[in-house]
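Undergrad: No sequence on hand, only this structure:
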């Protein structure tokens, strides 16, 4: 019965997400448009300092990561906070749906929407800027960026349980733009002052994009980047679980 309830909620969440045209635009189309704006007139031969990658190739991974981040972070936090405030979460607790089923449904629906945003950025980069990679690199990039988005899905759940309906949007937006810009998703961190580069290296968004860049460079990712993502996921997921239990006890 619990499995049936979880599947039903996942289906409901997917239907709601796919019907939200504003959300679909910002999570699916917006990253591709940003890619064209940033890399549209870029020289296809000049390299980004310290990477060996052209700007279009570098920004392709950054914008695909940004799109996945948008889907899982923005999609989860505001919805959860508003559903808590509106009593929807309290109603679900009266059903056979377990607590982890609710979190799973939110994460699964956001992950499904994040996949098209990744693929569309890749298609635009290949068609417009003629980015060329081996078949294994395209598959590995898709899998790495999609799997890595779970880190920020957990963060979205945590913010949704931390903030009220009125406060969730500014908190999410500050977190969203702060992690995106400082993590180097909108521009190479090599353009930052050295002190800001030192900070950026420890942000999960920087480590997230570095996974894709490592695949493009046909090398193994740095251990530090893997560690940052693992620790971040543990902290965000642990925080989300603690806040969920706290919210349950309060109810």
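TA: Sure thing, it's come through. Bear in mind that the values here come from a model prediction, so they are computed numbers and not experimental data. Residues are numbered from 1 along each chain as shown.
Undergrad: Now stretch 169-186: average pLDDT?
TA: The pLDDT scores in stretch 169-186 average 93.
Undergrad: Chain neighbours aside, what residue packs nearest to residue 42?
TA: residue 55 (4.1 Å; C-beta to C-beta, 6 or more residues apart in numbering). All C-beta atoms are positioned from the backbone trio N, CA, C, and that covers glycine.
Undergrad: give the contact list for that neighbour.
TA: Going by C-beta atoms under 8 Å, 6 or more residues apart in numbering, residue 55 touches 38, 39, 42, 43, 46, 48, 188.
Undergrad: show me where pLDDT drops low in the stretch 151-251 of the chain?
TA: Across the stretch 151-251 of the chain, the ranges flagged by pLDDT under 70 are 248-251.
Undergrad: All the helices of it, residue numbers only.
TA: 168-182, 194-200, 204-216, 223-250 (DSSP state H, counting those that start in this stretch).
Undergrad: Out of the ones you listed, which one sits most buried?
TA: Scoring the helices of the stretch 151-251 of the chain by mean neighbour count under mean count of other C-beta atoms under 10 Å gives helix 204-216 as the most buried, with a mean of 24.
Undergrad: ok, residues contacting that helix?
TA: Taking C-beta under 8 Å, 6+ apart as the rule, helix 204-216 contacts 51, 53, 57-58, 61-62, 64-65, 69, 133, 137, 140-141, 144-145, 148, 151-152, 179-180, 182-185, 189, 200, 220-222, 224-226, 228-229, 232.
Undergrad: swap the cut-off to 7 Å and go again
TA: 51, 53, 57-58, 61-62, 64-65, 69, 133, 137, 140-141, 144-145, 148, 151, 179-180, 183-185, 189, 200, 220-222, 225, 228-229, 232 (C-beta atoms under 7 Å, 6 or more residues apart in numbering).
Undergrad: which among those end up buried?
TA: Neighbour counting by 16 or more other C-beta atoms under 10 Å classes 51, 53, 57-58, 61-62, 64-65, 69, 133, 140-141, 144-145, 148, 151, 179-180, 183-185, 189, 200, 221, 225, 228-229, 232 among the contacts of helix 204-216 as buried.
Undergrad: Look up phi and psi at residue 193.
TA: Note on residue 193: its backbone torsions stand at phi -60, psi 160 [degrees, to the nearest 10].
Undergrad: Assign a three-state SS to the residue nearest the centre of the chain, would you?
TA: Nearest residue to the geometric centre of the chain (C-alpha atoms, centre = their mean): residue 69, 2.0 Å. Per DSSP: H, G, I helix; E, B strand; the rest coil, the secondary structure class of residue 69 is helix.
Undergrad: what are the ranges of the strands in the chain?
TA: Using DSSP state E, no strands are found in the chain.
Undergrad: just to revisit the earlier point, next one, pLDDT for the residue nearest to the centre of the chain please.
TA: For residue 69, the model assigns a pLDDT of 92.
Undergrad: and it, how far is that from residue 41?
TA: According to C-beta to C-beta, to the nearest Å, residue 69 stands 25 Å off from residue 41.
Undergrad: Residue 169 now?
TA: As judged by C-beta to C-beta, residue 169 and residue 41 stand 34 Å apart.
Undergrad: Next: residue 76.
TA: Taken as C-beta to C-beta, the span from residue 76 to residue 41 is 35 Å.
Undergrad: More neighbours: these two, which one.
TA: residue 76 (27 against 8; other C-beta atoms under 10 Å).
Undergrad: Isn't that one up against residue 156?
TA: Yes - with contact defined as C-beta atoms under 7 Å, residue 76 reaches residue 156; the gap is 3.1 Å.
Undergrad: excluding its backbone neighbours, what's nearest residue 60?
TA: residue 125 (4.0 Å).
Undergrad: Can you name the residues that contact that neighbour?
TA: Shown in contact with residue 125 (C-beta under 7 Å, 6+ apart): 35, 56, 60, 131.
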